[in-house]
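Visitor: quick one: sequence plus predicted model below, questions after.
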Amino acid sequence: MPTNVYLPQWGMLMTEATIIKWLKKEGAEVSKGEPLVEVESSKVKAEIESPADGILGKIKTQEGDVVKVGAIVALVTQEGEVLEDDPKPKVENNEQRAKTSENISSGKISTSTSTFQVTPVARKLAKDLGLDLSLISGTGPRGRIIEKDVRNYSNPQEKAEKNVISGIRKVIARRMSESNEIPSVTISSKIDLTASNAFQASLLPSWRKEKMRPTFQDIIVKAVAIALKEHKIINSHFVNDEIITFEEINLGIAYATDAGLVVPVIKNADNKSIIDIAKNIRQFSKTEKTGFSAEDFNGGTFSITSLNSTVIDTFNPLLNPPQVGILGIGRTSEEVFFDSGEFKERKICSLNFTFDHRVIDGYPAARFMEFLVKVLNDPESIG
């Protein structure tokens, strides 16, 4: 009896994964716990291990396939065991779809069209674009293929190929669609950075031995953790019409990568010092280059995203469901204000809080923001 190799679920939000690379071939001997295949879900790469000793009897999914959690991706058999032929499961395979498009429009150059039927310019253009001339209808004299025919044929295919998205991008698109369906509201407030900047400067001497410089992000992450401790309803998930409020405060920090947005999590942020939080954030930057694990993304209860280094002042950050709140940090800018009979300058930035209106009403959301601004105006209280 063969042993099924299933696609496991690493987090409660995971529903599917993309087969990246098979590490073993059919017929290879495998040991229990030995990695068989590399998969990726929401930009998290992981390996599926063999559930038993034996032989990799059948690979049921190919590289590039997108498969659902719980799907059988392979079978492990024992020596001499014969498998009955069965059709491979239907899976969404963007790579295969793209290859099909290539076969139609860009794969192998046909040599069946004789020279007199194609102008030299059209032939060269078709070769450059990788088009099969036998599939192109000519509109020139005696049906000759001219340059315009090649260009007209290539444009629809080019557009179609651009619309093919990877399994990972599809996950991001689906999550964004889910977020957009949530009845959410964004409220914004400007904060004077004078106190925070002074606090950063006071931390600098003690942080030098760690070869680190404090940033506003380090301070605001700690301030958010303190604010969530006082406003517990915001540290919640909304799942199946139930509100689940957490004691642990695990903050997701959004990062833009080449593959898309990732949100690794700082666990128990309320119990960590600012410098420990800063070390976590710096480690995320290093891990981004080597690859995050599934554990890096698990357990988030609230998220923070920043456009502080851009030209954006205010924006509406999208929720990361099932979380019910996310804070967006706008750019730092200078503002002129009138004080004691004279004009002065100060640095400010905007805080943008998006919340799930099914769980949080406007007044509690405003109280959360009010408390957060109060903490940031007195950062010495953070400790």
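Guide: Yes, it's here. Predicted model, so just to flag it, every value in this text is computed and none were measured.
Visitor: all the helices of this protein, residue numbers only.
Guide: Here the chain has its helices, by DSSP state H, at 94-105, 120-129, 147-162, 167-180, 194-207, 216-230, 274-290, 362-377.
Visitor: name the helices or strands packed onto the last one?
Guide: What it means is helix 362-377. Packed against helix 362-377 by the contact rule (3 or more CB pairs under 8 Å, 6 or more residues apart in numbering; DSSP states H and E) you find strand 184-192, helix 194-207, helix 216-230, strand 342-356. All C-beta spots, glycine's among them, are computed from the backbone N, C-alpha and C.
Visitor: so what's residue 193 closest to, chain neighbours aside?
Guide: In space, residue 193 comes closest to residue 347 once its chain neighbours are excluded; the distance is 4.4 Å by CB to CB, 6 or more residues apart in numbering.
Visitor: list the contacts for that neighbour?
Guide: By CB atoms under 8 Å, 6 or more residues apart in numbering, the contact set of residue 347 is 192-194, 197, 332-335.
Visitor: next one: residue 323
Guide: Residue 323 neighbours (CB under 8 Å, 6+ apart): 236-237, 252, 300-303.
Visitor: model confidence score at it, please.
Guide: Residue 323 carries a pLDDT value of 94.
Visitor: quickly list what it is bridged to.
Guide: With DSSP bridges as the criterion, residue 323 is bridged to residue 237.
Visitor: ok, now how distant is it from residue 372?
Guide: Separation of residue 323 from residue 372 (CB to CB, to the nearest Å): 17 Å.
Visitor: coming back round to it: between the contacts of residue 347, which sits nearest residue 76?
Guide: Nearest to residue 76 among those is residue 332, at 56.0 Å by CB to CB.
Visitor: bridged to the closest one, which residues?
Guide: The residues listed as beta-bridge partners of residue 332 by DSSP bridges are residue 349.
Visitor: same question for the one 10 residues further on.
Guide: Counting by DSSP bridges, residue 342 forms beta bridges with residue 339.
Visitor: for it, grab the count of nearby residues.
Guide: Neighbour count for residue 342, taken as other CB atoms under 10 Å: 7.
Visitor: so how far is residue 277 from it?
Guide: Using CB to CB, residue 342 is found at 38 Å from residue 277.
Visitor: for residue 353, same thing?
Guide: For residue 353, the distance to residue 277 equals 20 Å [CB to CB].
Visitor: got the end-to-end distance for stretch 255-262?
Guide: Across stretch 255-262, the terminal residues are separated by 5 Å (CA to CA, to the nearest Å).
Visitor: actually stretch 311-321, sorry about that
Guide: End to end - CA to CA - stretch 311-321 spans 27 Å.
Visitor: just stretch 225-240 next, same as before
Guide: 26 Å.
Visitor: who does the closest residue to residue 78 other than its chain neighbours form a beta bridge with?
Guide: Leaving aside its chain neighbours, residue 78 sits nearest to residue 54 (5.1 Å; criterion: CB to CB, 6+ apart). Listed by DSSP bridges, the beta-bridge partners for residue 54 are residue 30.
Visitor: mind listing what residue 344 touches?
Guide: Contacts for residue 344 (CB under 8 Å, 6+ apart) come out as 336-338.
Visitor: one more pass at 6 Å, please.
Guide: When the contact criterion is CB atoms under 6 Å, 6 or more residues apart in numbering, the partners of residue 344 are residue 337.
Visitor: report the helix or strand with the lowest average pLDDT across this protein.
Guide: One helix or strand of the chain scores below all others by mean pLDDT, DSSP states H and E: helix 94-105, with a mean of 42.
Visitor: understood, closing this out.
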